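# fold the following.
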Amino acid sequence: MDRKYNPKLLGAAKSLRKNMTKEERKLWYEFLREYPVKFLRQKILGNYIVDFYCAQAKLVVELDGSQHFSESNLQRDSDRAEYLQNYGIEIIRIPNNYVKENFNGVCEYIDDCVKHRLLCVKGAVTK
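A predicted model of the protein is given here:
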């Protein structure tokens, strides 16, 4: 992946960071911000902005509201997933209502995914 970000997306990414949804805010301030492996929020990757990105684990965490389940957004999400997967980046999608209803479970799931990805990334480097 070209390490340079699309400068046309910088304003949108900044705006998304300032105007996070309450679920994004909760996940960021109550878990990811202090997580021992660094996460970035509203990170530009190529021509896409992802909710949360952990470069060390090559992992994207996306929180999905109801708008993500429309036909056009499902296709857009699929295109973005394919693009990122071509660079070895895994995407996990978490519905907003899970953050509201089972926050501890969401945090445990993300933690498990990060640990698994770190093993995979490390294994790929040493082979």
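# residues in contact with the longest helix belonging to the chain?
Ordering each helix of the chain by length in residues (DSSP state H) puts helix 103-126 first. In this structure, residues lying in contact with helix 103-126 by Cβ atoms under 8 Å, 6 or more residues apart in numbering are 26-27, 30-32, 35, 37, 54, 56-59, 61, 88, 90, 92, 94, 98-99. Backbone N, C-alpha and C define where each C-beta goes, glycine included.
# narrow the residues you listed to those in helices?
Using DSSP H, these in helices are 26-27, 30, 98-99.
# out of the residues you listed, who has the most neighbours?
Ranked by the number of neighbours (other Cβ atoms under 10 Å), the ones in helices among the contacts of helix 103-126 place residue 27 first, at 26 neighbours.
# which residues touch the closest residue to that residue other than its chain neighbours?
Ranked by Cβ to Cβ, 6 or more residues apart in numbering and with sequence neighbours excluded, the top spatial neighbour of residue 27 is residue 99, at 5.9 Å. Residue 99 sits next to 23, 26-27, 63, 106 when contact means Cβ under 8 Å, 6+ apart.
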